[in-house]
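**Q** give me the fold of what follows.
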Amino acid sequence: MKMKKPDFEIAESIESLLHHKLRTLLTLLGMIFGVGAVIAMLSIGKGAEKEALRLIDSMGLRNIIVKAKSFEESKLKEIRENSPGLTLQDLNAARETLPFLSTYSATKQVKTYSVFSRAGESDAEVWGVTPTHVDMANLIMSEGRFLLPFDDQTYAHVCVIGSRVAQVLFPGEAPLGKHVKINHVWMTVVGVLKDKNLIKDEFQGITLKGEQNNIYVPLQTAQKMFRFGAYESEIDEFRVQLKPDVPSGEAAATLSYLMKRRHKEIDDYEMIVPEALLEQQRKTQNIFTIVMACIAGISLLVGGIGIMNIMLATVLERTREIGLRRALGAKQIDIRRQFIAETVSISSIGGVAGILFGFALSLAIGAVTGWAVGWTITSILLSFFVCTVIGLASGIYPALQASRLDPIEALRHD
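**A** Numbers count the residues shown, from 1 in each chain. Model (predicted):
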């Protein structure tokens, strides 16, 4: 008897599976759910990683952020007896003392009671910032320009607005050159920011605010033209950027030592290291991935056991057929190849269906939870490969059992 071609064996195996549609479908479900779980898990993990990078990008991966803490007025008054709070002198001391810093920025929020234009009123937040803030916060201009050093030096009455502010204050108009009144001060719009569309407003416990509802004015202008509380810090936050190849952990420890000395060990500020936050998020995500991979692996294993059961049942049902083939000259390897072809066919079909199910499942989870999702060719190929390997491994034993049947005993089987 001549050896059958692989394509013929696959066609015959599929025909055999179609004879038992319900049993085949029930066997496929284990592989479909397993592969679907792997695809969904990896897609959610990939989406979370992309979103984490976007959130970190808004803080600056190579930045260190020092923020003033908030206290009740009575507590703040007591603290100010020993520490002036966060100041530009702190930033200047860091710049002059620490050689691993490349650039910097500082911000101060303006307390507002009215923000309006001739066309509308806004609840926007107003921030006094240094010109370098655009790079430190990775802001992107949609129209016009950002604040310049000249604006800061001359106390210019100019501002840059977010996309939502532009829509509210200047509906249907070009904002550039228009005027915004912040409290009692009129400002000229010189630029509009592009919205980053962040899905989350928090990352690893750190609150993040999009810039779409912000107005930025020169820091020196803000400090001169607006009033602030008697015990407020001179600035609310400053950021310093590290030079390439400088470990963020060591840099943060050095900066922390400097700040403690300047603030007399008073804990009236907090330090945020975005790179450390990203590493922490990745560790958390890795744990989640491992747990979900184990669950998905168990599901695939159950599917493999289902394939083994159906193939063992098929061996019993086709005992006489196997005996007849052996009597007509088929070799053991021919029988093994036939049953392995059936196993590969069912696991491959289950893998493809599982990939489609995984896409649908991840999109559904993303729609319900609001989580970001993302796919990679590697995750798709990996899940399909694992599914096929488990299916193949599950079919080897039934194939060996079938090939070892005695032809005479098989023909006598009822």
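
**Q** so where is the stretch 1-150 of the chain shaky, pLDDT-wise?
**A** 1-20 (pLDDT under 70).

**Q** mind listing the strands for it?
**A** Under the criterion DSSP state E, counting those that start in this stretch, strands of the stretch 1-150 of the chain are mapped to 63-68, 101-110, 115-116, 125-129, 141-144.

**Q** please identify the deepest-packed of those.
**A** strand 125-129 (a mean of 24; mean count of other C-beta atoms under 10 Å). All C-beta atoms are positioned from the backbone trio N, CA, C, and that covers glycine.

**Q** now do it against strand 101-110, angle only.
**A** Comparing the axes of strand 125-129 and strand 101-110 via axes from the mean of the first three to the mean of the last three C-alpha atoms, to 10 degrees yields an angle of 140 degrees.

**Q** who's in contact with strand 125-129?
**A** 105-110, 112, 115, 147, 182, 209, 213-223, 226 (C-beta atoms under 8 Å, 6 or more residues apart in numbering).

**Q** just checking: what are the partner strands of it?
**A** Each strand paired with strand 125-129, and its direction, by DSSP bridges: strand 101-110 (antiparallel), strand 214-218 (parallel).

**Q** in CSV: those, plus distance to Val160.
**A** Shown next, in CSV, are those (distance: least, C-beta to C-beta, whole Å):
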stretch, distance to Val160
strand 101-110, 13
strand 214-218, 5
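
**Q** ok, longest helix in this structure?
**A** helix 274-317 (DSSP state H).

**Q** distance from the chain centre to that helix, please.
**A** Between the centre of helix 274-317 and the centre of its host chain there is 21 Å, according to C-alpha atoms, centre = their mean, to the nearest Å.

**Q** what is that helix packed up against?
**A** In terms of contacts (3 or more C-beta pairs under 8 Å, 6 or more residues apart in numbering; DSSP states H and E), helix 274-317 is packed against helix 21-59, helix 248-262, helix 332-369, helix 377-403.

**Q** tilt between that helix and helix 377-403?
**A** Angle, helix 274-317 to helix 377-403, by the same axes, to 10 degrees: 20 degrees.

**Q** and the angle for helix 274-317 with helix 332-369?
**A** Using the same axes, to 10 degrees: helix 274-317 against helix 332-369 is 140 degrees.

**Q** pretty sure Gly191 contacts Ala166?
**A** No: Gly191 is beyond contact range of Ala166, at 10.1 Å (criterion: C-beta atoms under 8 Å).

**Q** which one's more surrounded, these two?
**A** Ala166 (24 against 20; other C-beta atoms under 10 Å).

**Q** excluding sequence neighbours, find me the nearest residue to that one.
**A** Pro175 (4.7 Å; C-beta to C-beta, 6 or more residues apart in numbering).

**Q** ok so, going back, so which of the strands paired with strand 125-129 comes closest to Val158?
**A** Closest to Val158 of the strands paired with strand 125-129, according to C-beta to C-beta: strand 214-218, at 7.1 Å.

**Q** next helix or strand past that closest one?
**A** Next helix or strand after strand 214-218 toward the C-terminus (DSSP states H and E): helix 219-225.

**Q** quick one: contacts of that following helix?
**A** Contacts for helix 219-225 (C-beta under 8 Å, 6+ apart): 106-108, 110, 126-130, 151-153, 155-157, 185, 234-235.

**Q** what residues sit buried inside that helix?
**A** Within helix 219-225, the residues scored as buried using 16 or more other C-beta atoms under 10 Å are 219-223, 225.

**Q** let me see the mean pLDDT of it.
**A** Average pLDDT, helix 219-225: 94.

**Q** can you dump the C-alpha atoms of the next helix or strand after it in CSV for me?
**A** Per DSSP H and E, the first helix or strand lying C-terminal to helix 219-225 is strand 237-242. The C-alpha atoms that make up strand 237-242 are tabulated as CSV, following Å, rounded to 0.1, in the frame of the first residue of the first chain:
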residue,chain,number,x,y,z
GLU,A,237,6.6,71.9,41.5
PHE,A,238,9.9,71.7,39.7
ARG,A,239,11.2,69.1,37.3
VAL,A,240,14.8,68.2,36.4
GLN,A,241,15.9,66.1,33.5
LEU,A,242,18.7,63.6,33.9
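
**Q** quick one: distance of strand 237-242 to the chain centre.
**A** Centre-to-centre, strand 237-242 and its host chain are 24 Å apart (C-alpha atoms, centre = their mean).

**Q** okay, the strands of the stretch 1-150 of the chain in CSV with distance to Leu255 next?
**A** As requested, the strands of the stretch 1-150 of the chain are exported to CSV (distance: least, C-beta to C-beta, whole Å):
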stretch, distance to Leu255
strand 63-68, 6
strand 101-110, 8
strand 115-116, 34
strand 125-129, 20
strand 141-144, 30
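
**Q** mind checking those strands for the one nearest to Thr376?
**A** Judged by C-beta to C-beta, the one of the strands of the stretch 1-150 of the chain that comes nearest to Thr376 is strand 63-68, at 28.3 Å.

**Q** and the residue lying closest to Pro398 once chain neighbours are set aside, how far is that from Ser394?
**A** Excluding the flanking residues, the one nearest Pro398 by C-beta to C-beta, 6+ apart is Met311, at 3.6 Å. For Met311, the distance to Ser394 (C-beta to C-beta, to the nearest Å) stands at 7 Å.

**Q** my guess is Thr314 meets Gln401, correct?
**A** No: with contacts counted by C-beta under 8 Å, Thr314 stays clear of Gln401, the gap being 10.4 Å.

**Q** which of the two has more residues huddled nearby?
**A** Thr314 (21 against 17).

**Q** widest-spaced pair of the buried residues of helix 219-225?
**A** Using C-beta to C-beta, those reach their maximum pairwise distance at Leu219 and Met225, which is 11.1 Å.

**Q** returning to what we had before: now for Met311 and Ser394: what residues contact both?
**A** Common neighbours of Met311 and Ser394 (C-beta under 8 Å, 6+ apart) are Thr343.

**Q** just the buried residues of stretch 253-264, please?
**A** Within stretch 253-264, the residues scored as buried using 16+ other C-beta under 10 Å are 254-255, 259, 262-263.

**Q** could you single out the nearest of the residues you listed to Arg95?
**A** Leu255 (10.9 Å).

**Q** please report how far the spatially most central residue of the chain lies from Arg282.
**A** Closest residue to the average C-alpha location of the chain: Ala48 at 2.2 Å, with C-alpha atoms, centre = their mean. Remark: distance between Ala48 and Arg282 (C-beta to C-beta) = 10 Å.

**Q** what about the residue nearest to Ile307 when sequence neighbours are not counted, how many residues close to it?
**A** Leaving aside its chain neighbours, Ile307 sits nearest to Ser394 (4.4 Å; criterion: C-beta to C-beta, 6+ apart). By other C-beta under 10 Å, 24 other residues sit near Ser394.
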